[in-house]
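Visitor: sequence first, predicted model second:
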Protein chains: 2
Amino acid sequence: MTQQRAGASPTLEDVAREAGVSVATASRVLNGSSRTVGKDNAARVLHAASKLGYAPNLTAQATARGSTRTVALVVSDIADPYFSTLAAGVLERAEAAGLIVTMAVSDRSADQERRIVATLRGYRPHVIIVAGSRLDGPQDALIEELQAYTAAGGRAAVISQPGLPFPTVAVDNAGAAKDLALALAGQGHRRFAVICGPDGLRTSRDRCEGFLAGLSQAGIQVDGRRVLATEFTEDGGHAAATRLIADGLDDVDLVFAVTDVMAIGAMRALRDADLVPGHDIAVAGFDDIGTAMDVDPALTTVRVPLREMGIRAMDLALSGAEPAEVVWMPTEFVPRDSTSR
Amino acid sequence: MTQQRAGASPTLEDVAREAGVSVATASRVLNGSSRTVGKDNAARVLHAASKLGYAPNLTAQATARGSTRTVALVVSDIADPYFSTLAAGVLERAEAAGLIVTMAVSDRSADQERRIVATLRGYRPHVIIVAGSRLDGPQDALIEELQAYTAAGGRAAVISQPGLPFPTVAVDNAGAAKDLALALAGQGHRRFAVICGPDGLRTSRDRCEGFLAGLSQAGIQVDGRRVLATEFTEDGGHAAATRLIADGLDDVDLVFAVTDVMAIGAMRALRDADLVPGHDIAVAGFDDIGTAMDVDPALTTVRVPLREMGIRAMDLALSGAEPAEVVWMPTEFVPRDSTSR
DNA sequence: TTGTATGCGTTATCAC
DNA sequence: GTGATAACGCATACAA
């Protein structure tokens, strides 16, 4: 009976020695596909492996095989339900494909995002999925990094930033926001305030501009002072709504925030000011995160199939889609009590 | 000028050749610690690397060095704010330590959890953190797997399951639930219903029993038919509350659910039955997830410092804590409007 | 300071 | 069927 070094994982060699076979044989029964191994030898190896608590060194496997079974996912903020729901979809699909998911957060910084992709690329993942809310303008550094990856045979997919030279799953933010505006106008709302994200955030801009375009189409103008830019967070929504209230809300009957998270922050601000959301003033959001139907009144919003988008992004990457392919996911207007007087 | 194979990542050898130096030299400037490299050679290598878009193969690095810079995190469900907040803490701390986080979801299955740990172990991560809501009874398989990992020099930490032979960060669920019950009784509530998680879930049981113990200490008994077991999800909370309502809620003035997520589901069920949470019937939860203060009325709960727990778990693992070490995190009663008539 | 040679744990290509 | 053995991409002890 052989001894393995303490403080180190048993290796294939340890198992082989214990079983009295060659490493090649051990490798074959433990991992290989071709079942060309003698029955008793196989049993010996299996027994030795479990006795030693052997777990194949996947990093060594990766260097030997030249490929891994991992997918790298980069999100802006995992505590944000938008991203955690996306991530759940990616994880679900990855698991089904026998892939392990590596995750990193970019904290909404483009530079950080590039650095992360550069690092993740080092792990030679099977797939890289980038799900940040993308910035305006050329993403040269990120694109270069991802292109180096795909050029080397990697599969990449991007969520929510159409226009990049990678397979993409996205929703028509501008169009959906426009439809939302028209629907709200159809409900009888006339005086709007809009809470947008920080400048340069593509998703925010699309939704903002789409919404204003819809209002304009309905013959409604909104005062520039009623369009606020703020952080892409709940506190951002709260702060913006607070500003709005301070400036006087008399001529506003609906506040639209470009994300549910921000809208919910705005609702909190309204309540803090002793206003009743949905009664004194209507509120609408965008995304349909789970919480949207838990707040009271339930939040009118646009459903974005986040979990499905994570799944589709995985499918897209795994299927080796064309760089230019964009899968547009359907959205849906979800009227709830927050906009019905 | 040399050509690298298309469809493959440039290797250190490619860079070295391009720069006209040996791989050893290239390795030293690109990764090594000792800066014993000639100035011009270093520049050459750097230039070649960036020109080729070189990213070191981290898996190969790992097998060469025998160690990685990754931490493996296993959670039950990343879409659940409880876990996504924990994960955010882990990610934050990991990033600060220059570690990459690999994540997998166990879907609340013990067997799945063991399988995942077995797989993750194969990556020889620097750290493994298990954050499932643990089941009652012996977790033999999981423990064995984790012990094989630590025996081989790995650092493990566990969140929320004290009693396992690994460094642990936890909260006193039973004690906090008892205090909560006493506080609610102090608010004047007398007739309680309790929504628990499925049998065998340790966290749920501790909170349930602690709560009932607190009530009992306050001289309050609760009818067994008013203690329901259900799924550990929002829908579970909704379903249980619906059952409660169907059975008649006349003799109940407060519903306690063992997690905020479930409590929020219960609030939704109440509203669905045209009852006003916090007015017709009080509701209390546990965890203080972000949403707790977004619902209306804001949810009375017990604050569990989730993000900090993720951070502490990382610290614990990184510092090579004693197997038996348990860090108890403080909890705090957070009274809000859902329990104040 | 730089290069050579060897090893890391596996897989895969050969022979036997 | 099974066993040597050369890769895989990188790090590093040892020479030069």
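Guide: Here it is on my side, so go on.
Visitor: what does chain A have sitting close to DNA strand D?
Guide: Of all the residues in chain A, those in contact range of DNA strand D (CB under 7 Å from any atom of the strand) are A:20-25, A:28, A:36-38, A:40-42, A:60, A:63-64, A:66. Every residue, glycine included, has its C-beta placed from N, CA and C.
Visitor: do a quick rundown of the helices in chain A.
Guide: Along chain A, counting by DSSP state H, helices occupy A:12-19, A:23-30, A:39-52, A:58-65, A:81-96, A:110-122, A:140-151, A:173-186, A:202-217, A:234-246, A:260-272, A:306-318.
Visitor: nearest to A:Val252, of the ones you listed?
Guide: Nearest to A:Val252, of all these, is helix A:234-246, at 7.1 Å by CB to CB.
Visitor: of all of the stretch 201-341 of chain A, which residue lies closest to DNA strand D?
Guide: Of all residues in the stretch 201-341 of chain A, the one sitting closest to DNA strand D is A:Gly320 (20.5 Å; CB to the nearest atom of the strand).
Visitor: could I get the contacting residues of that residue?
Guide: Contacts for A:Gly320 were tallied using CB atoms under 8 Å, 6 or more residues apart in numbering or on different chains; they are A:Arg155.
Visitor: residues near A:Val302, how many?
Guide: A:Val302 has 23 neighbours, counted by other CB atoms under 10 Å in any protein chain shown.
Visitor: how much space between it and B:Gly153?
Guide: Taking CB to CB, to the nearest Å as the measure, A:Val302 and B:Gly153 are separated by 51 Å.
Visitor: and what of A:Gly214?
Guide: Where B:Gly153 is concerned, A:Gly214 sits at a distance of 60 Å (CB to CB).
Visitor: grab the nearest non-local neighbour of A:Gln147.
Guide: A:Pro165 (7.1 Å; CB to CB, 6 or more residues apart in numbering or on different chains).
Visitor: need the contact list for the one you found.
Guide: By CB under 8 Å, 6+ apart, the neighbours of A:Pro165 are A:Ile143, A:Gln147, A:Pro323, A:Ala324.
Visitor: what of A:Asp172?
Guide: Listed by CB under 8 Å, 6+ apart, the contact partners of A:Asp172 are A:Trp328, A:Thr331.
Visitor: and what of A:Ala239?
Guide: For A:Ala239, the contact set (CB under 8 Å, 6+ apart) comprises A:Thr230, A:Glu231, A:Gly265, A:Ala269.
Visitor: ditto for A:Gly236
Guide: Residues near A:Gly236 by CB under 8 Å, 6+ apart: A:Ile195, A:Gly197, A:Thr230, A:Met262, A:Gly265.
Visitor: make sure the second one is actually in contact with A:Val258.
Guide: Yes: the pair A:Gly197 / A:Val258 is scored as a contact, 5.8 Å apart, by CB atoms under 8 Å.
Visitor: neighbour-wise, which of those two wins?
Guide: Regarding A:Gly197 and A:Val258, a neighbour count based on other CB under 10 Å identifies A:Val258 as having more, with 29 against 26.
Visitor: which pLDDT value goes with the closest residue to the more buried one other than its chain neighbours?
Guide: Nearest non-adjacent residue to A:Val258, counting by CB to CB, 6+ apart: A:Arg207, 4.3 Å away. Listed pLDDT for A:Arg207 reads 97.
Visitor: do the same with A:Gly188
Guide: For A:Gly188, pLDDT reads 95.
Visitor: average pLDDT for stretch A:151-164?
Guide: Rounded mean pLDDT across stretch A:151-164 is 92.
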